[in-house]
Every structure is written in structure tokens, then in C-alpha cells.
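Visitor: Build me a model:
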Amino acid sequence: MNIVMLIGRIILGGFFLYAGIHHFQSLEHMAGYARMKGTPAPKAAVAGTGILLVLGGLSLILGVFPLIGCILLLIFLVGVSLAMHNFWTVQDPQQRAAEMVNFTKNIALAGAVLVILTIPAPWPLSLGIGR
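Guide: From the prediction side, this is the model:
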């Protein structure tokens, strides 16, 4: 089962790591969307959330400070879900549906991160640094 856990950590952590890297690769575009949603300092917000994602994703993959990594991911997921994917405020039906998909995806990911928090550290097949 240790290898199954490692594979799951790589998949989930890799998802967050990729998303964080994408924040930096598409900084201007994502900042424009954040600006449209009324985010103050949108470029800094996108870069800041990119850092949360990269650090959280690496934490899951490597098993380094998993509690801190999970907290970073939860901050991202809850904050972005409420601020950026607030489907309940959107009038256009297609845009509302798209925001609802992103909101529910993020909440499901937050649930997965909460489940991961129940796994005692150090994790098997990890660097085992931090708790």
C-alpha cells in the first residue's frame, strides 16, 4: 500500500504543482481574470497563489512538512473558491455553470487534502522531514 500512497501523492501533488507553475507561465492572463473579478493587486495575488500551489504540491509529492503543505493548499482552495469561483453571483448561465464546476472541484480537492491530513507523518516513501 505504500506504493499506492506514493502514486496518489504524486498525482495529487503533481496537479497542484502544475497549477502553480501555470500561474507563473500565464501570470498576465490570470491577472487579467483576477482583475475582472475585483481582486486587489491581481498580479501579486496570482503570484502569491502560485507560490501556495507550488509549495503545497511539492510538500505532498515529497512528504516534506505535510501539515504545512496541506494548510497552504487549503488556504488556496478555500480562498480562491469563494473569491474567484463565486458562481452564486454570476448571471450568465454558461459562465455560472463554469464557475460552479470550478467551485465544486476545488471543494472536492479541499476534502481530499483534509483526508490527507489524517495520515500520520512521516509518510512512507517520503523524505520524512517535518510533521
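Visitor: and the nearest residue to Thr39 once chain neighbours are set aside, how many neighbours?
Guide: Leaving out its chain neighbours, the residue that sits closest to Thr39 by C-beta to C-beta, 6 or more residues apart in numbering is Ala45, at 5.0 Å. For the C-beta atoms, the positions are set from N, CA and C on the backbone; glycine is no exception. The local packing of Ala45 (other C-beta atoms under 10 Å) involves 21 other residues.
Visitor: And Phe16, by the same measure?
Guide: Neighbours around Phe16, by other C-beta under 10 Å: 26.
Visitor: tell me which element it falls in.
Guide: Per DSSP states H and E: Phe16 is located in helix 2-25.
Visitor: thought the residue nearest to Thr39 was touching Gly32?
Guide: No. Contact criterion C-beta atoms under 8 Å: Ala45 and Gly32 do not qualify, at 11.9 Å.
Visitor: quick one on the thing from earlier: return the residues in contact with the residue nearest to Thr39.
Guide: By C-beta atoms under 8 Å, 6 or more residues apart in numbering, Ala45 lies in contact with Ala31, Ala34, Thr39.
Visitor: Same question for Leu117.
Guide: Pro66, Leu67, Cys70.
Visitor: secondary structure class for the closest residue to Leu109 other than its chain neighbours?
Guide: Leaving aside its chain neighbours, Leu109 sits nearest to Leu77 (5.7 Å; criterion: C-beta to C-beta, 6+ apart). Three-state assignment for Leu77 (DSSP: H, G, I helix; E, B strand; the rest coil): helix.
Visitor: count of neighbours near Leu77?
Guide: Taking other C-beta under 10 Å as the definition, Leu77 ends up with a neighbour count of 24.
Visitor: Equivalent analysis for Arg35, please.
Guide: Neighbour count of Arg35, defined by other C-beta under 10 Å: 15.
Visitor: Now it: which helix or strand?
Guide: According to DSSP H and E, Arg35 maps onto helix 27-36.
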